[in-house]
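Novice: please work out how this folds:
(one chain, ligands or ions: 1)
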Amino acid sequence: MFLAGPLHSQAVITAIGAYVPERVLTNADLEAMVDTNDEWIVQRTGISERRIAAENEYASDLAISAVRNLVERYGSDISDVDYILTATSSPDTVFPSVSARVQAAFGILACGTADVQAACAGFVSGLQMANGLLLGGLHRKVLVIGTETLSKITDYTDRTTCILFGDGAAAFLVETAADGQGSFNASSVSTQGESGHHLYRSALAPALGEFPLQASGRIVQNGREVYKWAVTNVSEGVKTLLEANGMRTEELSWFVPHSANMRMIESICDRTGIPLEKTLHSVTNCGNTSAASIPLAIDAAVKDGRLKRGDSLLLYGFGGGLTQAGLLLRWTL
Ligand SMILES: CC(C)(COP(=O)(O)OP(=O)(O)OC[C@H]1O[C@@H](n2cnc3c(N)ncnc32)[C@H](O)[C@@H]1OP(=O)(O)O)[C@@H](O)C(=O)NCCC(=O)NCCS
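Specialist: The predicted structure follows:
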């Protein structure tokens, strides 16, 4: 079931930044690691390459570089940021949180910090929460970050999963609108915890019930089930969110689904009637970067001029949980 509807909002995005690690892992590189080939990977996923963090480079390092990039590009003053929300499934440490590490790196003085764990729906969930914090009135400037070093939790002996994942980070600065006119128009959420065993990161607990793998700390997934779930449920979720806001697909400037797999995106477009040309994604060159995939896609579109001030965007995250989070907003940069 979906909870969807229009939002009260005072939130506007005032700056963005991104960072991807230097090392590129191509399909040819993967051919040397597991029994696979470029043709199979491209045909099934649309992925050509991914970025991989260095051995001593962690989710917080990527997040800090993304925030530094934001400051350099927009000249933003982040000394008075009053909350940091970081979406990640691959934090350096569970605590301190990545958000706390970012606060320390920039010496921000009076600032709340928390990490958001909603897998690939994490970044959109973070934006939804930031809007709530700003509406509450105590906070005025929130950093929302999506950062992943999935290469550190990927099983590179499992050819059905290791071809998918990559590393990267991006950050949005979300502030209270000076004129009180927020740009977050509608939002939706949904969780199907009962299907969570189809996609999980095996944890400290010994094998339990439907979560059969031992404590490897790696990503485990039933790709076929996740694929089926996504094309059916995400398509429904997208339609529900648009209907809840009385919007037609033609009114959208851009659809930004989580970049899990190009074929999945094509299928969701097909089912929702959103033209594929209207999607922003980061899947071809970054693979699936979970919480970072949506802001990385947006960052690329800002840089190459496709995304313009005033455009209407539908952001839609989905993945482990199984979680979904959607947000309709007007671009304000
Ligand atoms: C992972 C995924 C690409 C696999 O594609 P698929 O068509 O479902 O493939 P299957 O697992 O059914 O395997 C089909 C065949 O390809 C083989 N295969 C699997 N991975 C392979 C690889 N990397 N290279 C070559 N062959 C591979 C399988 O062994 C199987 O062979 P068989 O028919 O001889 O048994 C696809 O299921 C997927 O994208 N799922 C969603 C994953 C995802 O996006 N997760 C994150 C969501 S947020």
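
Novice: contacting residues for Ala300?
Specialist: Listed by CB atoms under 8 Å, 6 or more residues apart in numbering, the contact set of Ala300 reads 280, 282. C-beta: built from backbone N, CA, C; applies to glycine.

Novice: could you rerun that using 7 Å?
Specialist: Listed by CB atoms under 7 Å, 6 or more residues apart in numbering, the contact set of Ala300 reads Ser282.

Novice: on the pLDDT front, check it for me.
Specialist: Confidence at Ala300, expressed as pLDDT, is 98.

Novice: Gly146 is in contact with Phe123, correct?
Specialist: Yes - with contact defined as CB atoms under 7 Å, Phe123 and Gly146 form a contacting pair (3.7 Å).

Novice: so where's the stretch 101-250 of the chain shaky on pLDDT?
Specialist: Within the stretch 101-250 of the chain, the ranges that satisfy pLDDT under 70 run 204-215.

Novice: quickly list what's touching both of Phe123 and Gly146.
Specialist: 87, 291, 294-295.

Novice: how about those residues in JSON lines, adding neighbour count, secondary structure and distance to the ligand?
Specialist: Listed next are the shared contacts of Phe123 and Gly146 as JSON lines, based on neighbours: other CB atoms under 10 Å; DSSP: H, G, I helix; E, B strand; the rest coil; distance: CB to the nearest ligand atom, whole Å:
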{"residue": "Ala87", "neighbour count": "33", "secondary structure": "strand", "distance to the ligand": "13"}
{"residue": "Ala291", "neighbour count": "36", "secondary structure": "helix", "distance to the ligand": "10"}
{"residue": "Ile294", "neighbour count": "32", "secondary structure": "helix", "distance to the ligand": "12"}
{"residue": "Pro295", "neighbour count": "32", "secondary structure": "helix", "distance to the ligand": "16"}
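
Novice: pLDDT score assigned to the residue sitting nearest the centre point of the chain?
Specialist: The chain has Ala291 as the residue nearest its centroid, 2.8 Å off, counting by CA atoms, centre = their mean. Listed pLDDT for Ala291 reads 98.

Novice: my guess is it contacts Gln117. True?
Specialist: No - counting by CB under 7 Å, Gln117 is not a contact partner of Ala291; they are 9.1 Å apart.

Novice: what is in contact with those two at once?
Specialist: By CB under 7 Å, 6+ apart, Ala291 and Gln117 have these common neighbours: Ser89.

Novice: ok, residues contacting the host helix or strand of Thr240?
Specialist: Using DSSP states H and E, Thr240 sits in helix 235-244. With CB under 7 Å, 6+ apart as the contact definition, helix 235-244 has outside contacts at 2, 4-6, 186, 188, 190, 249, 268, 271-272, 314, 316, 324, 326, 328.

Novice: coming back round to it: which residues touch the residue nearest to the centre of the chain?
Specialist: Contacts of Ala291 by CB under 7 Å, 6+ apart are 87-89, 120, 122-123, 146-148.

Novice: tell me where the stretch 151-300 of the chain has strands.
Specialist: Using DSSP state E, counting those that start in this stretch, the strands of the stretch 151-300 of the chain run over 167-176, 184-191, 199-201, 219-221, 254-257.

Novice: for the spatially closest residue to Asn233 that is not a sequence neighbour, give me its contacts.
Specialist: Leaving aside its sequence neighbours, Asn233 sits nearest to Gln324 (CB to CB, 6 or more residues apart in numbering; 6.8 Å). Gln324 makes contact with 121, 189-190, 233-234, 237, 317-318, according to CB under 7 Å, 6+ apart.

Novice: how close does Gln324 get to Thr232?
Specialist: For Gln324, the distance to Thr232 equals 12 Å [CB to CB, to the nearest Å].

Novice: what does Gly122 give?
Specialist: Separation of Gly122 from Thr232 (CB to CB) stands at 22 Å.

Novice: which one's more surrounded, these two?
Specialist: Under the criterion of other CB atoms under 10 Å, the comparison of Gly122 against Thr232 puts Gly122 first, with 33 against 13.

Novice: Asp179: how many residues sit nearby?
Specialist: Residues near Asp179, counting by other CB under 10 Å, number 7.

Novice: if you could redo that for Glu236, that was the one I meant.
Specialist: Neighbours around Glu236, by other CB under 10 Å: 15.

Novice: one more: the one 4 residues further on?
Specialist: Each residue near Thr240 was counted by other CB under 10 Å, and the total is 19.

Novice: work out for me the element the nearest residue to Ser76 once chain neighbours are set aside sits within.
Specialist: In this structure, Ser76 finds its nearest non-sequential neighbour in Ala15, 4.5 Å apart by CB to CB, 6+ apart. Take DSSP H and E as the rule and Ala15 turns out to sit in strand 11-19.
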